[in-house]
Structures are given as C-alpha cells and as structure tokens.
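Chemist: model the following, please.
(chains A and B)
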Amino acid sequence: MRNPHGYLTISGPDGVVEQDTSLCNHCGGIVRMPPNKQPGDVGGVCKQCMGFVCDRCYSRVGCDPFERKLKRAEARGEALRSYGLAG
Amino acid sequence: MAGYLASNLHFAGQQPLSTVYKSLVNLLALVNDQLRRQRIMAFTFSVDGTPADNTMICDVSRSTSIGTGTEYKPTRLDAADGVMGGLAIINFLAEPTIDPATSRTEGWAFNQRTTVRWVAFPGKGLIVPAVHAAGLAFRLKSPAYTGTAVCDVLVDE
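Modeler: Numbering: from 1, shown residues only, chains lettered A, B, ... in the order given. Predicted coordinates for the structure are as follows:
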C-alpha cells in the first residue's frame, strides 16, 4: 500500500502476520489493509473529502471528517467551561 | 510533542480477564489537568499467564467516562520533557463507559500465545480528543482465558 498510516504485526507460534493499516478519515478508526487489496475492498474513498473511509462510514450518507467532529466536541467543552459548567 | 509510555504493569494489581471486555489501559484528557490532544503512536497486547491455545479478542474503543482504577501520569520517554497533561488509568475495578455501536475503532482476534503490535507512522496516530473524560480504552476479552494480560501504549502529547 502507498502511504500507509500504520503497521500491524501479529507474532505467534504459527509465524508473523504483518499488514499495513490506514486510519478512516470519518471515524478515525484503524483499518487493516490486506496485501493486494484495493481501498474499495475494505472501505472506499469519500468523494467529498477525498480521504480513505472504512466500510461502516462508507455505507453512511454524507461527509463528516473526523477532524471536524473533534473540533465540534472540543468547542462544546470550551463553551461549557466558559459558562462555568463542567465540560 | 513529547512521548510517554502507559502500561498496566506500572503498578501491581493486574485484573483478570473474562468473557466480557476488560480495559487494561485507558488514556484520557481531564479538565482538572490540562486538556490537550494525545496521539497514540503504538500499542502492544500480550498475555503473561500460563501459555495455552485460547482465543483472545483485543479492542480499542473510545470511552466517555473515567471508570474506577489506578490513575497515574504515564512515564516520560525523555526525562527532559514535562509531566503529561493527560492521565492513564489501569487495573480497572469498574469499566469506563463505552458505546460499542459508535466508539469501536478496531479489534482483532488472536491466539493467546500471540503478541499484537500496532505502530503508527509519524503524525498518523489515533487521536484522543481534548475533551473532558474522553479517552481511548485498550481492552481484551477471552471466552476461556481468565488470567492477566499486558498492554503497553506509546502516546505523544
């Protein structure tokens, strides 16, 4: 895989399994990329953010990148704290 | 960014596994400390009990509450760095809140004799948001094994 986001190694009595991994651009989760697979086999590419997304996110309608979700969640906490509420 | 190591071997009191998920390490940000994003750069799951051929299932999920366990500041990889703003919790007595429908980032089944290691490429780690009590829980379960397990997590903050 070109430009993987991570690497998974499972080593045991039957040998070592190594796989590239990618991060889903919508949920931030780890997706294993088996050798010789296309992105469409394990998810797909969102045509709005042009990022790789996992199977679960690919089946959902709309584009909501993970970074935007994080900023929303963090902004909510900042607003609550500015009001003197725990957040 | 500074690197830190969180491990459930940091203090005595490892909790035994069972047929339901048991959190080994939870890394989170707390409003009482410093709310900063964390990036999980690597994690390892392994088993330190009597070797056998049982199925183990590991899981990395987003948690929304703290749970009850031993809280501590993860170990600095470089002594010149400051203390980590976030917190690690190990040896859970009460599990953190996790919504399995929306919060699971990934999970794998593996043999008990196996070690699972995931390493992120630079800048591509799993993100823990700077939100109070939001974190990532590293969990294990097994249908047969009831011993203890080891989880090490390398985190950048």
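
Chemist: in contact with residue 18: list those residues for me.
Modeler: Going with chain A. A:Tyr7, A:Leu8, A:Thr9, A:Ile10 (Cβ atoms under 8 Å, 6 or more residues apart in numbering or on different chains). (C-beta placed from N, C-alpha, C; glycine too.)

Chemist: please refer instead to chain B.
Modeler: Going by Cβ under 8 Å, 6+ apart, the list of residues near B:Ser18 reads B:Lys141, B:Ser142, B:Thr146.

Chemist: nearest residue to the residue of chain B found nearest chain A in space, please, no chain neighbours.
Modeler: Closest to chain A within chain B is B:Thr114: 3.3 Å, counting by Cβ to the nearest Cβ. Excluding the flanking residues, the one nearest B:Thr114 by Cβ to Cβ, 6 or more residues apart in numbering or on different chains is A:Gly12, at 3.3 Å.

Chemist: test my guess that the one you found contacts B:Val116.
Modeler: No. Between A:Gly12 and B:Val116 there is no contact under Cβ atoms under 8 Å: 9.1 Å.

Chemist: quick check: neighbours shared by the two?
Modeler: Contact criterion Cβ under 8 Å, 6+ apart; residues shared by A:Gly12 and B:Val116: B:Phe110.

Chemist: before we move on, the earlier item: ok, the residue of chain B closest to chain A - how many residues close by?
Modeler: B:Thr114: 20 surrounding residues under other Cβ atoms under 10 Å in any protein chain shown.

Chemist: which residues touch it?
Modeler: Contact partners of B:Thr114, counting by Cβ under 8 Å, 6+ apart, are A:Ile10, A:Ser11, A:Gly12, A:Pro13, B:Ser46, B:Met56.

Chemist: pLDDT score assigned to it?
Modeler: Note on B:Thr114: pLDDT of 93.

Chemist: does B:Met1 touch B:Glu157 like I think?
Modeler: Yes. Using Cβ under 8 Å, B:Met1 makes contact with B:Glu157 at a distance of 6.4 Å.

Chemist: neighbour count for the two, which is higher?
Modeler: For B:Met1 versus B:Glu157, neighbours defined as other Cβ under 10 Å are more numerous around B:Glu157 (21 against 14).

Chemist: is the more buried one in contact with B:Met84, as I believe?
Modeler: Yes. Under the criterion of Cβ under 8 Å, B:Glu157 makes contact with B:Met84 at 5.5 Å.

Chemist: anything in contact with each of those two?
Modeler: Contacts common to B:Glu157 and B:Met84, judged by Cβ under 8 Å, 6+ apart, are B:Ala2, B:Tyr4.

Chemist: just checking: what are the partner strands of the helix or strand bottoming out on mean pLDDT in chain B?
Modeler: Least confident helix or strand, chain B: strand B:104-111 with a mean of 81, by mean pLDDT, DSSP states H and E. Strand B:104-111 sits in its sheet next to strand B:55-63 (antiparallel), going by DSSP bridges.

Chemist: that concludes my questions; thank you for your assistance.
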